[in-house]
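Engineer: Below: sequence and its predicted model.
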Amino acid sequence: MKSKSRPGITPEKITIGELAFSIAIVSLGALALSFSILEFKSTELASQTTVGVVSIEESLAGELVNVKNYQDEATKIALRSGRSPSNLVFHVQLPTGSVDVHVNETVTLNREFQKCSSYPIGECGYKIRLNFEPHPPAFSYEVSSAFAEAALNLARSDRNEVIIPRSAYRDPNHVACDLRKDIGLSGLLSSDRYDCIGRPQKSCPRGTLPKGLAVDPQTHTLELDCGAPSKIARCPAYYALNRVNTKTLDAAEIKSAQCVRTTETIAYPAKQPDPGFRLVGKACPQGYRSQSTCSLVNVKSKPGKCGVGVAKPVAGRLHFTENKPVGTVDCGVDLRAQTCGAEWIGLAQLKVKCVLDQPEFAHAL
């Protein structure tokens, strides 16, 4: 039997071209969907970054006008005298916590709002910069993003600065300096515009001398005015500085400084040497010459006999040299030959005395 098709119905046939066209349509749709997802993520990231910058800026601006941040008396005095309140810290609220921002400081943050140091590279892209302006007391700032998806900068400066409320630091009935840090009042314009001079905070570098006093315009403290590095006056061994003209220590001057000997003019040994046939060697310390004495002591003699005759003993000779070289001595007895049994013996006695062999004063090196 032969099968017969139902009347009015024909079997569908799909060509190779139609199949390829269908696959292309599906691929384009998937690609469009992928681009849509990427664009959505990029838009979401840009939105988060923008919100982060705006949130930081809003919190910082609110902290700058909050009177509670200016209650410290040292801060009030600094603001009234036009100085930067160095101890002032603002606690800026962030989406994930808070960060402390000091006056005249730049803080950089990553996407998680943690401090970082590689700005503007990688994930370190947020920046907070805060600067103090003295007259009138105000702050300029910049809160920005260096991230590619939302490069944004919110800044206030010049006429748009954040003016610190006068009520935060002004006391119309009181003018006073901080005696813990200041020497005293130096200028007065009004109860909220006066200057206090701070105590010195610096010292002159090694090798320089102070030449006067001056007020440092940056710190408003009374500091030493230090000169250029000066010459150095040194004394030889066993000398100490006796007189110096400090003006001549400048580079262009001829140095005028004198040293004085610090040792005794005359020196003796702790114990004089015992008598002996010969005493030789260095008797005086460095810088001294010998002025000693050498004498015969303990002399004993006995004549000799030659038959019925008597032979007299021959006395020995005393020899003494000193300061060859300086400070040395040679004190001794040279015995002579005897005849017929005669005897003669004696010892040399050295009394050491040393006198200064260098001048009492010397020029400084």
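Structural biologist: Arrived safely.

Engineer: In the record's domain split, what are the boundaries for the chain?
Structural biologist: Per automatic domain parsing, the structural domains of the chain span 49-168, 182-226, 266-356.

Engineer: if you compare those, which one is most tucked away?
Structural biologist: Greatest average neighbour count among the domains of the chain goes to domain 49-168 (a mean of 17), per mean count of other CB atoms under 10 Å. Any C-beta I mention is one placed from the backbone N, CA and C, and that applies to glycine too.

Engineer: mind checking the end-to-end distance for that one?
Structural biologist: 33 Å (CA to CA, to the nearest Å).

Engineer: Over to stretch 214-227?
Structural biologist: End to end - CA to CA - stretch 214-227 spans 12 Å.

Engineer: Then stretch 343-360?
Structural biologist: End-to-end distance (CA to CA), stretch 343-360: 50 Å.

Engineer: Quick one: classify T50 as helix, strand or coil.
Structural biologist: Following DSSP: H, G, I helix; E, B strand; the rest coil, we place T50 in the helix state.

Engineer: Okay, and I183 sits in which element?
Structural biologist: strand 182-190 (DSSP states H and E).

Engineer: looking at it, C306 is touching C340, isn't it?
Structural biologist: Yes: C306 is in contact with C340 according to CB atoms under 8 Å; the separation is 3.9 Å.

Engineer: Between these two, which contacts overlap?
Structural biologist: Here C306 and C340 have no joint contacts, going by CB atoms under 8 Å, 6 or more residues apart in numbering.

Engineer: ok, now which ones touch N242?
Structural biologist: By CB under 8 Å, 6+ apart, N242 lies in contact with 258-260, 361.

Engineer: Mind doing that once more with 6 Å?
Structural biologist: Contact partners of N242, counting by CB atoms under 6 Å, 6 or more residues apart in numbering, are 258-260.

Engineer: again with L296
Structural biologist: Contacts of L296 (CB under 6 Å, 6+ apart): 318, 346.

Engineer: partners of whatever helix or strand it lives in, with directions?
Structural biologist: For L296, the host element (DSSP H and E) is strand 293-302. Here strand 293-302 is paired, per DSSP bridges, with strand 343-351 (antiparallel).

Engineer: Can you name the residues in contact with the helix or strand following the partner strand?
Structural biologist: The element immediately downstream of strand 343-351 (helix or strand, assigned by DSSP H and E) is strand 354-356. Strand 354-356 has contacts (CB under 6 Å, 6+ apart) with 265-267, 284, 288, 291.
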